[in-house]
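J.: missing the sequence, but the structure's below:
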């Protein structure tokens, strides 16, 4: 079973064309991710589909996450603050329930 990257840079399985990160996340939770759910790469790297880097969340939470990251970026260092990441990690886990 090989892997190729699609036009957007996401790894896909050669035999089925399925997105690798969604397949890994589906195996993590033991079933279908479901419509309206998104698999977030914690480090932002599309090629890192390790389990500890993936989080399943609603589309709404995903949009909110990216909005918060944009708005809570330190303007001097351009790095996300650890306080925001701590809060968002809790939100992600709550979203899985």
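T.: Here it is on my side, so go on. Note that the structure is a prediction, hence the values are computed from the model and not measured.

J.: and residue 63, what element?
T.: When elements are assigned from DSSP states H and E, residue 63 belongs to helix 59-71.

J.: who does that helix touch, helix- and strand-wise?
T.: Counting contacts by 3 or more CB pairs under 8 Å, 6 or more residues apart in numbering; DSSP states H and E, helix 59-71 packs against strand 37-41, helix 82-96. In short, each C-beta sits where N, CA and C put it, glycine included.

J.: Least reliable of these by average pLDDT, please.
T.: Lowest mean pLDDT within the helices and strands packed on helix 59-71: helix 82-96, at a mean of 42.

J.: re the thing from before, the helix holding residue 63: which residues count as buried?
T.: When burial is assessed from 16 or more other CB atoms under 10 Å, helix 59-71 yields the following buried residues: 61-62, 65, 68.

J.: Tell me where the model's unsure across this structure.
T.: Residues of the chain meeting the criterion pLDDT under 70: 1, 69-97.

J.: Can you name the residues bridging to residue 38?
T.: For residue 38, the beta-bridge partners under DSSP bridges are residue 57.

J.: So it is in contact with residue 58, correct?
T.: Yes - here residue 38 reaches residue 58: they are 7.2 Å apart, a contact under CB atoms under 8 Å.

J.: Compare those two and say which is more crowded by neighbours.
T.: Set side by side, residue 38 and residue 58 show unequal neighbour counts under other CB atoms under 10 Å, the larger going to residue 38 at 18 against 14.
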